[in-house]
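[1] predicted model, plus sequence, below.
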2 protein chains.
Amino acid sequence: MANATNAETSPDTLAGPVSAEGRALPGHSFVIGPDAPLKLECGVDLAPVTIAYQTYGTLNADRSNAVLVCHALTGDQFCAEPHPVTGKEGWWTSMIGPGKPLDPARHFIICSNVLGGCMGSTGPASIDPSTGKAYGLTLPVITVGDMVRAQARLIDHLGIDTLFCVIGGSMGAMQVLEWASSYSERVFCAIPIAGAARHSAQNIAFHEVGRQAIIADPDWRGGDYASHQVKPVRGLAVARMAAHITYLSEPALHRKFGRNLQDRQAITYGFDADFQVESYLRYQGSSFVDRFDANSYLYLTRAMDYFDLAYEHGGVLGNAFKNTKTRFCIVSFTSDWLFPTAESRAVVHALNAVAANVSFCEIESDKGHDAFLLDEPEMFAVLGGFLKGCAEHRGLATGEPA
Amino acid sequence: MANATNAETSPDTLAGPVSAEGRALPGHSFVIGPDAPLKLECGVDLAPVTIAYQTYGTLNADRSNAVLVCHALTGDQFCAEPHPVTGKEGWWTSMIGPGKPLDPARHFIICSNVLGGCMGSTGPASIDPSTGKAYGLTLPVITVGDMVRAQARLIDHLGIDTLFCVIGGSMGAMQVLEWASSYSERVFCAIPIAGAARHSAQNIAFHEVGRQAIIADPDWRGGDYASHQVKPVRGLAVARMAAHITYLSEPALHRKFGRNLQDRQAITYGFDADFQVESYLRYQGSSFVDRFDANSYLYLTRAMDYFDLAYEHGGVLGNAFKNTKTRFCIVSFTSDWLFPTAESRAVVHALNAVAANVSFCEIESDKGHDAFLLDEPEMFAVLGGFLKGCAEHRGLATGEPA
């Protein structure tokens, strides 16, 4: 384990991360070198592997207040600050900030771009040092387990034995469960939100549609678009549009848009975006391609599809958590049809079967899967309470007067 | 009204229908000529308009046993016989046949390809006689109301005043509701299955994804692919894949495929179709493009999006059915999330508000929206009973011993 104390004094801050586009990014990066390559589940030893990450707050003297935030499919390490490409506020500022459940005044918050991503961590858009060209499809297919092993190397590098908390939603929740399974002794508490222990057939199907939309774009060029100075932006936009519908709920779409028309009094009898929902969806597609790499989309959706924690433990999900001492708080949302409550409940049942310490809360919301990213006071109350209790057990400051 | 007695003796059988591909099709076709063009909702008078149709059974002497079957988005007139392109059995052989709810021994069953379709009726792939080229996007955008007005002209032509029954699922159900609203006195009983009186925001969103997938395909050529001897098959396949997921249910996908692998013992760490559900979906996409025209897909999805029966009646759905004497049987399925029961219930409430004669049955099924096409014994029992009662009131044979 490296002897760094915290990110602010770590030597790796000298060479900051660089996006898939070659843009210098805020934050830090850590490199897994060829002397101890990352062992991928597919059998390949991968090196070098860069992990770009961002931190908020300060690691305490006991090194006991670190929180690892795991991002979702299209998220990144900029969870609590403006995004360097889009300028939009961080994707989890609702959860992270002064007085919020995760508070840099008390927690040392770490968020890394996943392996396979496109915001500074090694992914298909990264340059393969052996060829001097972007990996494209020559990058080995990675898994959620691989992402987590890379994160564990980062946590080693930061000199942290045990994380106070690992938290994330959606694909982030998959990483949380993987952490709690593979590194149980290093996770004091785990919060998988709107997640599942395996990707369902319907979810694989939606991902496959997105991948086929990308692959069908002639500008994808067999994955080697970087060599041709083109990008499969049309295919990626269609993939994003299809996925975006699954992140919402029918009631939310109805409430937000209904059949309202976009800047017009009547339908135009044409194929323009007559309806607001069409206009909204087109915008979601076209803005996404500015910040995301199409091949990363293939790799990360594939990692989610492959995730099946029970399968990796003899078909019994409880086996993934045997003898765990981690405290779990599982959260789902009533209107989430992508990762419905039944998936979270299956995790709760498995944890109950091994007598784990587990809380479970299904939150009433009509916002669909995306609720975990939004202003959900009940979620903040539940997680705030859970984290306070865990902090007391861990001997940390709780953020409340003594 | 023309004086034809039934399709078998109608002179129009001499010139049979021709598919968008130029293939001669079984069945009949009827032409709306320039002397009395079809008035479209967009304001255009369209002529000539060809309506390709198929019939099963014989019109009785009273002309009182005619049943109009309305097909769904990707259906056609071959509801009860092998499909002339794919060779697969008719799409509603579960419903139509000896001893079935619709029986050619008792009913004169008519099914026409919708206006805008691609199996012999006028659609964007048809030749515009004024240019000698396929219409492409120069065909005016059509609506469900336009489809139904064209069908009404066909029913005139067949010498039928009042249809015993108008029946259909999904987009077919929209046509049924339009018939019952616009031609109430010509519809003795109406059976909209898995339908809605308006297309929801979520459904518009899914359709928009499909359209954008087609439009993103460079072979679409602004809709003029016919002139370039190409077809946007990749875009159309992606559109079909996305739509196909919405026709099923999560439980059905789980039961049918789960996370089963396709002809392999383990995942391949690649982007081939490792999972059966991926392979199934790819097949759905690739086989669809052999029988369907991409521009027709744009036109028909648009017609569905535009459908909003309440809006057309001052915002009050009941106004669409004022003073109706039609007997209604509304059917929905518990696992249908594309046209959920709430949409059918809204129609029932509107019909109740105008004191219409209405039965409503929500059928327990895990098969999703596609249940209306499948072997659903409860649906057959409900519809068989309803049709028998209506036949008694209409003075028709019921198919049972006296």
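    Nice, thanks for sending it over. Numbers count the residues shown, from 1 in each chain, chains lettered A, B, ... in the order given.
[2] please enumerate the strands of the stretch 101-250 of chain A.
    In the stretch 101-250 of chain A, the strands defined using DSSP state E, counting those that start in this stretch lie at A:108-112, A:127-128, A:133-134, A:163-169, A:187-193.
[3] what's in contact with the first one?
    Judged by C-beta atoms under 8 Å, 6 or more residues apart in numbering or on different chains, the contacts made with strand A:108-112 from elsewhere in the structure are A:6-7, A:51-60, A:65-71, A:77-80, A:96, A:102, A:121, A:150-151, A:154-155, A:158. Every C-beta, even on glycine, is put in place using the N, C-alpha and C of the backbone.
[4] what's the answer for the second one, then?
    Identification of contacts with strand A:127-128 by C-beta under 8 Å, 6+ apart yields A:Lys133, A:Ala134, A:Tyr135, A:Thr138, A:Leu139.
[5] buried subset of these?
    A:Ala134, A:Tyr135, A:Leu139 (16 or more other C-beta atoms under 10 Å in any protein chain shown).
[6] between the residues you listed, which is nearest chain B?
    A:Leu139 (10.9 Å; C-beta to the nearest C-beta).
[7] would you check that that closest one makes contact with A:Gly123?
    Yes. Using C-beta atoms under 8 Å, A:Leu139 is in contact with A:Gly123, at 7.0 Å.
[8] so what sits against both of those two?
    Listed contacts common to A:Leu139 and A:Gly123 are A:Gly116, A:Asn295, A:Tyr299; contacts here mean C-beta under 8 Å, 6+ apart.
[9] which helix or strand lies directly C-terminal to the strand or helix carrying the second one?
    According to DSSP states H and E, A:Asn295 maps onto helix A:294-306. Counting by DSSP H and E, the next helix or strand C-terminal to helix A:294-306 is strand A:327-333.
[10] below-threshold pLDDT in the stretch 101-250 of chain A: ranges please.
    Regions of the stretch 101-250 of chain A meeting the criterion pLDDT under 70 are absent.
[11] get me the contact residues on it for chain B.
    The stretch 101-250 of chain A comes close to chain B at residues A:137, A:140-141, A:198-202, A:204-206, A:208-209, A:211-213, A:215-218, A:234-235, A:237-238, A:241-242, A:245, A:248, A:250, as judged by C-beta under 8 Å from any C-beta of the partner chain.
[12] so what's the residue of the stretch 301-402 of chain A found nearest chain B up against?
    Residue of the stretch 301-402 of chain A nearest chain B, by C-beta to the nearest C-beta: A:Tyr306 (5.7 Å). By C-beta under 8 Å, 6+ apart, the contact set of A:Tyr306 is A:Val141, A:Thr143, A:Val144, A:His199, B:Ile267, B:Tyr269.
[13] confidence score at the last one?
    As summarised for this prediction, B:Tyr269 has a pLDDT of 97.
[14] A:Pro103: what's it in contact with?
    One correction, residue A:103 is Asp, not Pro. A:Gly57, A:Ile96, A:Gly97, A:Gly399.
[15] and the helices in chain A?
    For chain A, the helices defined by DSSP state H cover A:144-157, A:171-182, A:201-216, A:233-247, A:250-256, A:276-288, A:294-306, A:341-353, A:377-394.
[16] what lies in contact with the last one?
    Right, the one you point to is helix A:377-394. If you take C-beta under 8 Å, 6+ apart as the criterion, helix A:377-394 is touched by A:64, A:94-95, A:100-102, A:106, A:164-165, A:167, A:188-189, A:191, A:193, A:327, A:329, A:331, A:359, A:361, A:363-365, A:371-372, A:397-400.
[17] now the angle from that helix to strand A:187-193?
    Using axes from the mean of the first three to the mean of the last three C-alpha atoms, to 10 degrees, the inter-axis angle of helix A:377-394 relative to strand A:187-193 is 170 degrees.
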